[in-house]
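K.L.:
Sequence isn't available, so here's the structure alone:
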């Protein structure tokens, strides 16, 4: 099914400019990379996460997902959200919602308690859905990945097109 695995860009891929990355150059299986930029996650004025000790996961056709270490997340603001999912690369994910917010009954993020190799470094780290909470990288507001399934973070440095929209399932 996967015709593109980061070795060559499809003809429909946007050409990155200087300082940009194409998601079509990201590998499959994904890569995990250290990212020291300032990442902040907010719900309104409430700061949920604030870190410069992050990881990015880079996978063909997807905007990166940022993972924040648990000691940089205000975990007391979160509570487990029902359900799990299984990533073919990272293993079983659990979901997190906002504690004491029955008016906002959605998972705003996820984590991998025991990720599979080579993703052990993100064990217990949190990632968040920029569709549901405000996410920032070095002060730049993050745009959400198309669709409602994935949680990629789109910034001005990333070019696509990106998987996730209704017309992208054949990628």
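P.N.:
Noted; the coordinates are in hand. This is a predicted model, so every value here is computed, not measured. Numbering: from 1, shown residues only.
K.L.:
Can you tell me the centre-most residue of this structure?
P.N.:
residue 65 (2.2 Å; C-alpha atoms, centre = their mean).
K.L.:
surely that one meets residue 154?
P.N.:
No. Applying C-beta atoms under 8 Å as the test, residue 65 and residue 154 come out as separate, 11.0 Å apart. C-beta: built from backbone N, CA, C; applies to glycine.
K.L.:
Check the chain for its longest strand and report it.
P.N.:
Assignment by DSSP state E gives strand 78-87 as the longest strand of the chain.
K.L.:
Tell me how far the helix or strand following it lies from the chain's centre.
P.N.:
Per DSSP states H and E, the first helix or strand lying C-terminal to strand 78-87 is strand 91-98. The chain centroid and the centroid of strand 91-98 are separated by 13 Å under C-alpha atoms, centre = their mean, to the nearest Å.
K.L.:
quick one: buried residues of strand 91-98?
P.N.:
For strand 91-98, the neighbour count (16 or more other C-beta atoms under 10 Å) marks 91, 93-98 as buried.
K.L.:
Now tabulate those in a markdown table and tack on pLDDT.
P.N.:
Below are the buried residues of strand 91-98 laid out as a markdown table (pLDDT from 0 to 100):
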| residue | pLDDT |
| --- | --- |
| 91 | 97 |
| 93 | 98 |
| 94 | 98 |
| 95 | 97 |
| 96 | 97 |
| 97 | 97 |
| 98 | 96 |
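K.L.:
picking up where we left off before, give me the contacts around the longest strand of the chain.
P.N.:
Identification of contacts with strand 78-87 by C-beta atoms under 8 Å, 6 or more residues apart in numbering yields 48, 92-99, 106-110, 112, 126.
K.L.:
so where is the protein shaky, pLDDT-wise?
P.N.:
1-2, 5, 169-171 (pLDDT under 70).
K.L.:
Kindly confirm my reading that residue 71 is in a helix.
P.N.:
Yes. According to DSSP: H, G, I helix; E, B strand; the rest coil, the state of residue 71 is that of a helix.
K.L.:
Who are the packing partners of the helix or strand where residue 47 lies?
P.N.:
Assigned by DSSP H and E, residue 47 belongs to strand 46-51. Secondary-structure packing of strand 46-51 (3 or more C-beta pairs under 8 Å, 6 or more residues apart in numbering; DSSP states H and E): strand 39-43, strand 126-128.
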